[in-house]
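Engineer: sequence first, predicted model second:
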Amino acid sequence: MKEKRCHFFSAASLAGYLAVAALLSGCESSKQPLTNTPSHASLPAPTQQVKAKENSSQIPAFLQKFPHDAYHKLLSGNQVVGKTVFHWSVDQDKLRFDEDSDMKITLFKKSQLISTESKTWTNAKLEIQKLLFKMKSDSAFIEISGERLSNQLQLKITQAGQTQTKSLAIEEPTLMSSTIRPFLLMKGLPSEPLALSPLMLEPSALTTVPVSLKVSKMRADLWKVDFTYLQHQMLSEMTGNGSLLSEKSDFAGLSIVAKPSSAAELKNLFLEGTQSDLVELAKVQFPTLLHSQQLKKLSVKISGVDLHTFELNRHRQTLNGDILTAEVENLPKETLPVQSLVGQQNIEIYLQGDAMTEVYDPVIQKQAREIVGTESDLWKRALLIKDFVYRELKKEATISIPNALEILQTKKGDCNEHAVLYTALARAAGIPTRPVVGLVYSGSFNGGAGFYYHAWVEVFAGKEWVAIDPTWNQVPADATHLAFVEGGLDQQVQVTSLMGKIKLSLVSSF
């Protein structure tokens, strides 16, 4: 049977990319879900947004000359692939930053439109007090709202008709993309080079990410800003009042340039998908591996990235210097009934749910019971759930923030959807499960052989952990599965730092 290759490139890995791309204009999201067709979509003009009454006494000194409106188009080569609109105002006793963004990205040979929207309210120190974020793609929609209580942001995540909650600790300074230039104005544009290390809130990954800002004066009324996000760099030029003159980035080989525009131009702007497929650009080149799915052991040399930021020593992986070795584990010789895990506190974390993996939802619980029936053996339950997920989900490239309930409804997705649904169902059935993200070798994808980003799971059979790939129907997963990150969206976003940076060379295989 021809293998069904479905590679990881949904929102967990795209979160960093989308933020980088949208940050080109200082805006990452939008006021309302925008058109999802490649037509002449029109962004709402900022001046049409509801404005609160304001006077100069309500505006902090550092924002007195900061432009209220900004329009930008995003180009990749000669193609217009995105557009953004930004507006800020005073809303009662808070500062409010509204953003609109559309972007068309080519993934798996298909152009997909992503529209995001956000409203961020801050105090005069630009400390986030409240937010509303929405993201829409051709196949998914999510809304995230948040209210600040002390040093915690209380988030509500609405997706698939259900609302989940999460508390996110906030350390200052924490920025949104729209508050980066105001933050620099608040700090004061320097005459000598200045380095800053704030955090940035990434709502699509439900986490904060450390960023680096280096500011230097080029000449009178012109500053260069070097922004680094998850190891990806953007260079911009801004004036003393915060106006963005130019900005460019290169993410995994995809160059994006922001150019100032106008409301009239954006209204009739036609968006094209990026000419380059981002999946192919992010692919890690590698020699052809014959019979890769039958490999039992693989050793590769890693270069180009800092390995200390990843936990590469795992149950089937060892890191020796810069040599990573993955060895396929044996199938369990002895398994246990699910009841045997009662009281084992060290594995309880792998049975819990979260906002995207709704383990305790009645729909998930019911489906898990139907799959496993009267079977009590952990390993047999794990295989039954693997069979269900592999059989029921249509293999389809999806830009989404994967949610188990929504996946169960739509019955489609790429490897991340497979891993998320498997994790929810398995944990609901009492099977300790941990989702992992990393690289896997494929010789059959349209772009040719290489390592691609991928997601799968590891399950605890009572005595040992075993890697299962529910997308490729592999038990155990072959030796080319190289795990870099374990956990949910807030952890998976870290894999973005590998893209376009990591290099692999073959040491040995058998």
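Structural biologist: On my side now, so go ahead. Residues are numbered from 1 along each chain as shown.
Engineer: domain parsing for the chain?
Structural biologist: Domain assignment for the chain by automatic domain parsing gives 28-37+53-280, 283-509.
Engineer: I'd like the ones you listed written out as JSON lines, with mean pLDDT added.
Structural biologist: Formatted as JSON lines, the domains of the chain follow (pLDDT from 0 to 100):
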{"stretch": "domain 28-37+53-280", "mean pLDDT": "89"}
{"stretch": "domain 283-509", "mean pLDDT": "93"}
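Engineer: in TSV, list those along with mean neighbour count.
Structural biologist: Every residue, glycine included, has its C-beta placed from N, CA and C. TSV is the format used below for the domains of the chain (neighbours: other Cβ atoms under 10 Å):
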stretch	mean neighbour count
domain 28-37+53-280	18
domain 283-509	19
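Engineer: quick one, helices of the stretch 351-500 of the chain?
Structural biologist: 362-372, 378-392, 404-410, 415-428, 489-492 (DSSP state H, counting those that start in this stretch).
Engineer: now the stretch 51-200 of the chain
Structural biologist: Counting by DSSP H, counting those that start in this stretch, one finds helices in the stretch 51-200 of the chain at the ranges 180-187.
Engineer: quick one: the strands in it?
Structural biologist: 69-76, 79-91, 94-107, 110-122, 128-136, 141-149, 152-159, 162-169, 174-175, 194-196, 199-202 (DSSP state E, counting those that start in this stretch).
Engineer: just checking, what packs against the fifth one?
Structural biologist: Translated: strand 128-136. Packed against strand 128-136, as judged by 3 or more Cβ pairs under 8 Å, 6 or more residues apart in numbering; DSSP states H and E, are the following elements: strand 110-122, strand 141-149.
Engineer: CSV for these, including distance to Thr165?
Structural biologist: Formatted as CSV, these follow (distance: least, Cβ to Cβ, whole Å):
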stretch, distance to Thr165
strand 110-122, 19
strand 141-149, 10
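Engineer: and stretch 84-101, how far apart are its ends?
Structural biologist: The first and last residues of stretch 84-101 sit 4 Å apart, counting by Cα to Cα, to the nearest Å.
Engineer: swap in stretch 448-466?
Structural biologist: For stretch 448-466, the first-to-last residue distance is 29 Å (Cα to Cα).
Engineer: swap in stretch 337-344?
Structural biologist: Terminal-residue distance, stretch 337-344 (Cα to Cα): 13 Å.
Engineer: can you say which of the helices and strands packed on strand 128-136 is nearest to Met499?
Structural biologist: The closest of the helices and strands packed on strand 128-136 to Met499 is strand 110-122. By Cβ to Cβ, the value is 16.9 Å.
Engineer: chain center to the closest one: distance?
Structural biologist: 13 Å (Cα atoms, centre = their mean, to the nearest Å).
Engineer: parallel or antiparallel, list what pairs with that strand.
Structural biologist: Sheet pairing for strand 110-122, assigned by DSSP bridges, gives strand 94-107 (antiparallel), strand 128-136 (antiparallel).
Engineer: closest one to Leu298 among these?
Structural biologist: Comparison of the strands paired with strand 110-122 against Leu298 by Cβ to Cβ identifies strand 94-107 as nearest, at 26.6 Å.
Engineer: now that closest one against strand 79-91, angle please.
Structural biologist: Per axes from the mean of the first three to the mean of the last three Cα atoms, to 10 degrees, the angle that strand 94-107 makes with strand 79-91 is 170 degrees.
Engineer: can you give me the angle strand 94-107 makes with helix 180-187?
Structural biologist: Here strand 94-107 runs at an angle of 140 degrees relative to helix 180-187 (the same axes, to 10 degrees).
Engineer: next up, the contacts around the residue lying closest to Asn151 once chain neighbours are set aside.
Structural biologist: Using Cβ to Cβ, 6 or more residues apart in numbering and skipping the chain neighbours, the partner closest in space to Asn151 is Ile170 (5.4 Å). Ile170 makes contact with 128, 148, 151-153, 201, 208, according to Cβ atoms under 8 Å, 6 or more residues apart in numbering.
Engineer: measure Ile170 to Val279 for me?
Structural biologist: 34 Å (Cβ to Cβ, to the nearest Å).
Engineer: and the helices of the stretch 351-500 of the chain: which comes nearest Phe66?
Structural biologist: Here helix 489-492 is closest among the helices of the stretch 351-500 of the chain (Cβ to Cβ), at 31.5 Å.
Engineer: what is the closest one packed up against?
Structural biologist: helix 11-23.
Engineer: verify the stated contact: Ser276 with Ala252.
Structural biologist: No: with contacts counted by Cβ atoms under 8 Å, Ser276 stays clear of Ala252, the gap being 9.4 Å.
Engineer: find the residue closest to Lys65 in space, skipping its chain neighbours.
Structural biologist: Lys65 sits nearest to Asn241 (Cβ to Cβ, 6+ apart), 4.0 Å away.
Engineer: which residues sit in contact with that neighbour?
Structural biologist: Counted by Cβ under 8 Å, 6+ apart, Asn241 has contacts 65-67, 185.
Engineer: possible to save the residues you listed as JSON lines with distance to Gly373?
Structural biologist: As requested, those are exported to JSON lines (distance: Cβ to Cβ, whole Å):
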{"residue": "Lys65", "distance to Gly373": "68"}
{"residue": "Phe66", "distance to Gly373": "62"}
{"residue": "Pro67", "distance to Gly373": "63"}
{"residue": "Leu185", "distance to Gly373": "62"}
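Engineer: just flag the most distant two among those residues.
Structural biologist: Pairwise over the contacts of Asn241, using Cβ to Cβ, the maximum falls at Pro67 and Leu185, 11.3 Å.
Engineer: shared neighbours, these two?
Structural biologist: Taking Cβ under 8 Å, 6+ apart as the contact rule, Pro67 and Leu185 both touch 241-242.
Engineer: so for Gln92, which of the helices of the stretch 351-500 of the chain sits nearest?
Structural biologist: Closest among the helices of the stretch 351-500 of the chain, using Cβ to Cβ: helix 489-492, at 31.4 Å.
Engineer: quick one: name whatever helix or strand follows the closest one.
Structural biologist: Per DSSP states H and E, helix 489-492 leads on to strand 503-509 as the next helix or strand towards the C-terminus.
Engineer: tell me what the spatially closest residue to Leu189 that is not a sequence neighbour is bridged to.
Structural biologist: Leaving aside its chain neighbours, Leu189 sits nearest to Trp223 (5.2 Å; criterion: Cβ to Cβ, 6+ apart). Beta bridges link Trp223 to Lys217, Met238 when assigned by DSSP bridges.
Engineer: how near is Ser137 to Ser118?
Structural biologist: Taking Cβ to Cβ, one finds Ser137 at 16 Å from Ser118.
Engineer: Leu168 now?
Structural biologist: In terms of Cβ to Cβ, Leu168 sits 15 Å off from Ser118.
Engineer: and Gly77, by the same measure?
Structural biologist: 28 Å.
Engineer: hang on, the earlier thing: tell me which of the helices and strands packed on strand 128-136 lies nearest to Asn346.
Structural biologist: With Cβ to Cβ as the criterion, Asn346 lies closest to strand 141-149 of these, at 31.9 Å.
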